[in-house]
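[1] sequence first, then the predicted structure:
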Amino acid sequence: MFNFFALSPARLAALLAVGLTLAATAAPPPAAAQGAIYAWTNDSFWKVGRLDKELSALCRRSEFNQVRKNRLKIWYTGKDNIGRGTTGVAKYGWNLSDPNGKAVPDVTYHFINDGWSDCKVFVAP
């Protein structure tokens, strides 16, 4: 179950502004995906925002990561995805470890493979 008390209405509105097309008739996620799911979409994960190469490199060096991986996530089942995917969500001041001070307020960061050598960070307004 998603923990709603952790997000202020402003932060929740910012997450809604990501611009994903949610599948109104999508089947529920598999049991393994239950938990902190913010949304389920038929889009592909790379449409969530702009890939940031600098932040991705920092993520691979454990210098820009989620505090708790996939504390809040979006589940993707796009037709171009091979299998399924998720992005973990973090924001400035919420679930983000940013020792170098690279995060910007009012921006949402989406993580693919956080903690691995192929980590990718997508930036969404």
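    Yes, it's here.

[2] can you give me the strands for this structure?
    37-41, 50-51, 65-66, 73-76, 85-91, 96-97, 108-112, 120-124 (DSSP state E).

[3] among these, which comes closest to A57?
    Nearest of the strands of the chain to A57, taken as C-beta to C-beta: strand 120-124 at 9.0 Å. (Glycine included, C-beta is placed from N, CA and C.)

[4] relative to strand 108-112, how tilted is that closest one?
    160 degrees (axes from the mean of the first three to the mean of the last three C-alpha atoms, to 10 degrees).

[5] now do strand 120-124: which elements does it pack against?
    Strand 120-124 sits against strand 50-51, helix 53-60, strand 108-112, with contacts defined as 3 or more C-beta pairs under 8 Å, 6 or more residues apart in numbering; DSSP states H and E.

[6] out of the ones you listed, which is closest to V89?
    Checking the helices and strands packed on strand 120-124 against V89 by C-beta to C-beta gives strand 108-112 as the closest, at 6.0 Å.

[7] which helices and strands does that closest one pack with?
    Going by 3+ C-beta pairs under 8 Å, 6+ apart, strand 108-112 lies up against strand 85-91, strand 120-124.

[8] lowest-confidence stretch among those?
    Set side by side, those differ in mean pLDDT, and strand 85-91 is lowest with a mean of 88.

[9] sorry, back to before: same list, the strands of the chain, but as JSON lines with distance to A57 please.
    Converted to JSON lines, these look like this (distance: least, C-beta to C-beta, whole Å):
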{"stretch": "strand 37-41", "distance to A57": "26"}
{"stretch": "strand 50-51", "distance to A57": "11"}
{"stretch": "strand 65-66", "distance to A57": "12"}
{"stretch": "strand 73-76", "distance to A57": "22"}
{"stretch": "strand 85-91", "distance to A57": "17"}
{"stretch": "strand 96-97", "distance to A57": "15"}
{"stretch": "strand 108-112", "distance to A57": "13"}
{"stretch": "strand 120-124", "distance to A57": "9"}
